[in-house]
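Q: I'll drop the sequence and a predicted model, then ask my questions.
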Amino acid sequence: MTAPRIGFVGTDTAVGKTTLVCVLLEQAQAMGIHAVPYKPAQSHAADEQRSDVVRLREAAGLSSQCDGWIGTLEYDLPLAPGLAEDPTPFLLPGSRGEVWPCPPLSRCVDALAAIMGTQAPALLFVELAGGLWVPMPGGSWQPQWIRALVDHVVVVGRAGLGTINHTLSTIDWLQQLGLPPRGFFLSETAPPDPSNIYNPAVIAAATGVPHLGTLAHGECTIDLLSPLLRAIS
């Protein structure tokens, strides 16, 4: 049986997506489940101490020798990966469509297939870049990458004021694109405010998409992996 490839897409950048995936990797380890991370493209400041790939690798309990296959494309500019590679295609009118051929995406598809073959994971977590509409390498946009790389989509939003709009917008777009999400997580990137009480239920009622859990500010003490496994089963 082929392991499910679960893609995590944020409602924005800095919503706690990497932290959430790291928690899920750690919980999988604790349950004896062989879960492997994959980060198709990352861009960051050149002097950043620990990149997303390093954080994911450490959370999965893998050695530093694995960094080369956990992440395929890397750019030393804190921009969307496509802009870090070449902003020119995105400045053309009407450019928000699928691009074929797309060599950077094809390279990631091949890398992911190699991971599935050599690592034989029970779960593969694909951490995507920022929000849904992110410019990606090869003059492409992230929905094309989601379609090519993952079986299931999960949305990650920032808990707090404003998340209803951002999360509904992301879910609505995914559904319009034929990529309906299996669920959504929220992440408390700051101490909780009163809106955190109502937001999950409001989003779930408005979309019919289940709330899989909220990553609390500080140390995680709840099981977030089991709801995810139920959602993709």
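A: Cool, got the structure. Numbers count the residues shown, from 1 in each chain.

Q: output the longest helix along the chain as CSV - backbone C-alpha positions only.
A: The helix spanning the most residues in the chain, taking DSSP state H as the definition, is helix 103-119. The C-alpha coordinates for helix 103-119 follow below in CSV (Å, rounded to 0.1, in the frame of the first residue of the first chain):
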residue,chain,number,x,y,z
PRO,A,103,11.4,21.5,-14.5
PRO,A,104,11.6,22.5,-10.8
LEU,A,105,8.3,20.8,-10.0
SER,A,106,9.3,17.7,-12.1
ARG,A,107,12.5,17.5,-10.0
CYS,A,108,10.4,17.5,-6.8
VAL,A,109,8.0,14.9,-8.1
ASP,A,110,11.0,12.6,-8.8
ALA,A,111,12.5,13.4,-5.4
LEU,A,112,9.3,12.5,-3.6
ALA,A,113,9.0,9.2,-5.6
ALA,A,114,12.6,8.4,-4.5
ILE,A,115,11.7,9.1,-0.9
MET,A,116,8.7,6.8,-1.1
GLY,A,117,10.8,4.1,-2.6
THR,A,118,13.9,4.3,-0.3
GLN,A,119,12.4,5.3,3.0
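
Q: now the helix or strand just after that helix against helix 103-119, angle please.
A: The helix or strand immediately downstream of helix 103-119 is strand 123-127, counting by DSSP states H and E. Put simply, strand 123-127 runs at 150 degrees to helix 103-119, going by axes from the mean of the first three to the mean of the last three C-alpha atoms, to 10 degrees.

Q: what separates strand 123-127 from the chain centre, distance-wise?
A: A distance of 8 Å separates the centroid of the chain from that of strand 123-127, by C-alpha atoms, centre = their mean, to the nearest Å.

Q: what sits against L83?
A: L83 is in contact with L77, F90, P135, counting by C-beta atoms under 8 Å, 6 or more residues apart in numbering. From N, CA and C alone the C-beta is placed, and that goes for glycine too.
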